Every structure is written in structure tokens, then in C-alpha cells.
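K.L.:
this one's structure only:
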């Protein structure tokens, strides 16, 4: 398809002259790939990633960096581009995927300012807007804004009897779209961010209880209040404080 | 905007020469509008509607039809076009809104075959695919495929802290889109279909418990099984048995 400009037969020849290496792999595979790649990089190389969770990955790589086998001058800065969809494969590639989208960069106390600047420049060169957060802050927020919605969408899809599928319309289609994502990949994300996801789950369950009470007692004003509050949050996400697309 | 071909100052002049009257109003207002309109219709007029719930509306109108004040020769057939979105107003009108979309027609034992045929012809003339179901069957299915997804999407939106909104991406946006719908309208839908919605809620809650157990016990295979099952259902909704758009 002409999607690959230059292929390499192995990691060594792929990264021998690299300035920046971006590891795009399921979250469960990133640490081992970074370890292997770092061994082959020239000093000065920046390694970054695109994983949906950060705390576990960044901690494991900082552990590697403290070992003797980590090459001098090679640095890692975690990143998570909030872009993409449920499709896979080069036929779904989009050159403007990152334009105006947020990329979270997750340095720690031991990350050099130069490495952060290099990572920031790289993602901004693709048109992205960058924001620094700690790995844990990132995971706590994304549990609520990405991992929980995925779990809930999958739960709605899974709870829909097959005989009713012809009676779905755009509401069901939109609200369950992300449930079409890759199960093996999402299993890794959910396990890697399990504690924050359980906390987000509790917040959702508490809110769900309020819905159930309002519905059970046929409490119209309470239902409308919950609906109006949800609409307020949803509409504000489209405003200036919301995502770029 | 040129959206209205002919306006009328009152119901009487609007329906005096009508063959078909379509009542498009929030579900809580449909019965009373049908009652008023029926008084003014010439014999032979078909009245249909576009309400998202059917059992309560159809039962109330059949009650009216049994009263002396209901005019002879005027018939009502309930309908629900599975089309539309969360936007309101003529600027969001779409001439092909019903093309290839399903319209459920909900006759009862007392609806004449001629009235069903007339309603079917009307909706099909707009490009819709029609399907007959009893009002109760319709409400049971739609509780699962429309009303529950709306409640859940609103619950996800409402549970998202404002500070995290800039960290939402297309997953959150898609899965909460319907939460932007009109609160007063959705309050009426949820109350009108309260019992089936509570049953659908229970099905969802049972499924949610399985997710919670898998996550709490960090059970990777169980999580992947739930994710794969959700993906199977989601993907099959795009297949030949799924909705037309």
C-alpha cells in the first residue's frame, strides 16, 4: 500500500541512526520493547511511546534505567496521544490523526528537561497539542474519560439480546462503538490501570444508583435533574474547555 | 428558512382536508394532541405518531376510541421511526432522514387491516423499512436498545468530573453523544417505559457485576471473554441483521 517508507530486518538496523523512537504496541508489550530497543540505540536517542496507560510502564522503565545494562545517553519519556479509533490496519491510517489532538506527556522527577522538550517538539511537529501530567495523574483521569466508558460501552453491547439488534439505531450504535475495539489490547489496558478503573467504576455505580432510585420511584423531577446535569457536562465537553475534535 | 410549505392558524384548518396526520410531539403530549386532532378530522383520516414509547400511548388512544366523542371513520396507528439524533430545530432537518431506516408500526387486535396498510404505505413512501410489532413488544425491545443506552450514556457523562473533560477523546464523545438530548423529552420517555426500562436496567446491572468481579480479581481471561463477547455483539450489529445505517 506504500505505507512503509523504509523497513528494517531487525531492531538494531532500525534504530542505529534514530534520534527518536516511538514504540506503538499494546501496553503489555511496551516495557520489553523499550528494553530491547534501548540496547541498540546510539547515545542521545529519545524513546517515547503511545500507550493508553502510563504509571506501570513508566515505573518499569525507570527501574530498567537504574540498571547497569541501560545504555548511557538514551532517555525515555512516556506519552499518550488521545487520538485513534476502533479500527486497525494501514487502510485506516490518517495523516492528520494528531492534528489538534491532545498528547499527554508524562515525565517524572528523574526525567531531564531536555528529554521533555524533545518529546514535546516531536509530538507538536505532528500537529498535536501537548500537556504534561504525572503518570499517576494521567491514569486517574483516563480511567474516567476512556477506560470506564470503554467498559460501560462493552457492558451495554454485551447485555443486548441478539434478537433486538435490528431495533438499534444511531444512539445504540454511537454509544457502543468503542466496544468494537480489540479485546486483547483492552484487557491489558484495564489490568494495567485496574485500581484507578475500580475507583472510576465506584463513582459510576454511585451515580447509577441515583438513576435507579429515581426510576423506581417514578420521580420525574429527579430524573430530569439527572438528565439535565448529564447534558450540561456533555455540552460543556464540546465547548472551549473540551477536546479539539 | 423555507422549511414550512403551508402553515395553519389552528388545528381545525390544519387537518380539515388531511388524509394522514403525523403527530410529532414529546411522548407525554401525544395522547392529548391526538384527541384534539381527531375531533377536527374528516372521516377516513389516518392519525399516526412518532413517539419513542408505544404501549401507554396506544392504550390511552384506544380508550378514547371507545368513547362516544371519538369521530367515526378516524383511525389511529402507532408508529416509531428509529431515526433522528440529539439535535433540534429546522436547521438540523434532513430530507433523507428516514431512507433505509426502520419504522416500527404497532397495531393492536382492534386496528383495521386497512389502517395498518395506510400507515405502512405512508412511512414507506418516505423511504423507510417498516416492521409490525405489538406496542408492548416494541417497548420491551426499545428499553434495551434505546432507553437504557440513553440512561447509561447520561450516567457516564454525569459521573465525569469537569476537570477531566479536556482529557476526553472520541471514545467518550461517541459513547456520551446521546446524553446531549433534551432532558424534558427523555424524562417522559423513561417514565412512559419505566417497567421495561427497569428490567433492562437489571440485565445491565447483572452484566456489570460480572465486569466488576473480573476487574477486582484481576482475572485477565474473564475480562477478555467479556470484551470479546461485547465485540461480537457490536460487530454483528453492523452486519446484515443490523440497522440500515
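P.N.:
Okay, I see it. None of the values given here were measured: they were computed from a predicted structure. Numbers count the residues shown, from 1 in each chain, chains lettered A, B, ... in the order given.
K.L.:
Poorly predicted segments of chain A, please.
P.N.:
Residues of chain A that meet the criterion pLDDT under 70 lie in A:86, A:239-245.
K.L.:
ok, now with 80
P.N.:
Residues of chain A that meet the criterion pLDDT under 80 lie in A:84-88, A:238-245.
K.L.:
Quickly check: the longest helix belonging to it near chain B or not.
P.N.:
Secondary structure assigned by DSSP state H gives helix A:194-216 as the longest helix of chain A. Yes - counting by C-beta under 8 Å from any C-beta of the partner chain, contacts between helix A:194-216 and chain B involve A:194, A:197-198, A:200-201, A:203-208, A:211-212, A:215-216. C-beta here means a position set from N, CA and C on the backbone, and glycine is covered the same way.
K.L.:
helices or strands up against the lengthiest strand in chain A?
P.N.:
For chain A, the strand with the greatest residue count under DSSP state E is strand A:75-81. With contacts taken as 3 or more C-beta pairs under 8 Å, 6 or more residues apart in numbering or on different chains; DSSP states H and E, strand A:75-81 sits against strand A:46-49, helix A:55-65, strand A:102-106, helix A:113-125, helix A:135-142.
K.L.:
Let me know the helix or strand that residue A:108 is in.
P.N.:
Per DSSP states H and E, residue A:108 falls between elements, in no helix or strand.
K.L.:
Assess the claim that it and residue A:57 are in contact.
P.N.:
No - using C-beta atoms under 8 Å, residue A:108 is not in contact with residue A:57; the gap is 11.6 Å.
K.L.:
Burial check on the closest residue to residue A:212 other than its chain neighbours, number of neighbours?
P.N.:
The shortest distance from residue A:212 to any residue other than its chain neighbours is 6.4 Å, reached at residue B:201 (C-beta to C-beta, 6 or more residues apart in numbering or on different chains). Counted with other C-beta atoms under 10 Å in any protein chain shown, residues neighbouring residue B:201 total 23.
K.L.:
re the thing from before, can you say which of the helices and strands packed on strand A:75-81 is nearest to chain B?
P.N.:
Of all the helices and strands packed on strand A:75-81, it is helix A:135-142 that lies closest to chain B, at 4.6 Å by C-beta to the nearest C-beta.
K.L.:
Other residues contacting that closest one?
P.N.:
A:52-55, A:57-59, A:78, A:80, A:104, A:106, A:108, A:133, A:193, A:196, A:199, B:163-164, B:167 (C-beta atoms under 8 Å, 6 or more residues apart in numbering or on different chains).
K.L.:
Let me see the domain layout of chain A.
P.N.:
A:11-133, A:138-236 (automatic domain parsing).
K.L.:
now, of the ones you listed, which is deepest in the fold?
P.N.:
Stretch with highest mean neighbour count among the domains of chain A: domain A:138-236 (a mean of 21; mean count of other C-beta atoms under 10 Å in any protein chain shown).
K.L.:
Regarding it, how distant is the last residue from the first?
P.N.:
21 Å (C-alpha to C-alpha, to the nearest Å).
K.L.:
And stretch A:68-79, by the same measure?
P.N.:
So stretch A:68-79: terminal residues 25 Å apart, C-alpha to C-alpha.
K.L.:
host element of the residue nearest the centre of chain A?
P.N.:
By C-alpha atoms, centre = their mean, the mean C-alpha position of chain A lies nearest to residue A:52, the distance being 2.7 Å. For residue A:52, there is no enclosing helix or strand under DSSP H and E.
K.L.:
Then residue A:153?
P.N.:
Going by DSSP H and E, residue A:153 is in helix A:148-158.
K.L.:
and the angle from that helix to helix A:194-216?
P.N.:
Counting by axes from the mean of the first three to the mean of the last three C-alpha atoms, to 10 degrees, helix A:148-158 lies at 60 degrees to helix A:194-216.
K.L.:
need the helices and strands packed on strand A:75-81 in TSV with distance to residue A:237, can you?
P.N.:
Shown next, in TSV, are the helices and strands packed on strand A:75-81 (distance: least, C-beta to C-beta, whole Å):
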stretch	distance to residue A:237
strand A:46-49	26
helix A:55-65	25
strand A:102-106	13
helix A:113-125	22
helix A:135-142	14
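K.L.:
neighbours of residue A:137, just the number please.
P.N.:
Residue A:137: 15 neighbours (other C-beta under 10 Å).
K.L.:
Residue B:191 versus that one, what's the distance?
P.N.:
40 Å (C-beta to C-beta, to the nearest Å).
K.L.:
Residue A:109 now?
P.N.:
Taking C-beta to C-beta, one finds residue A:109 at 54 Å from residue B:191.
K.L.:
what does residue A:187 give?
P.N.:
Counting by C-beta to C-beta, the gap from residue A:187 to residue B:191 is 38 Å.
K.L.:
Residue A:227 now?
P.N.:
11 Å.
K.L.:
for residue A:158, same thing?
P.N.:
27 Å.
K.L.:
just residue A:8 next, same as before
P.N.:
Relative to residue B:191, and taking C-beta to C-beta, residue A:8 is found at 62 Å.
K.L.:
cool, residue A:216 as well?
P.N.:
12 Å.
K.L.:
With residue A:230 instead?
P.N.:
Counting by C-beta to C-beta - residue A:230 and residue B:191 are separated by 17 Å.
K.L.:
I appreciate the help and will end here.
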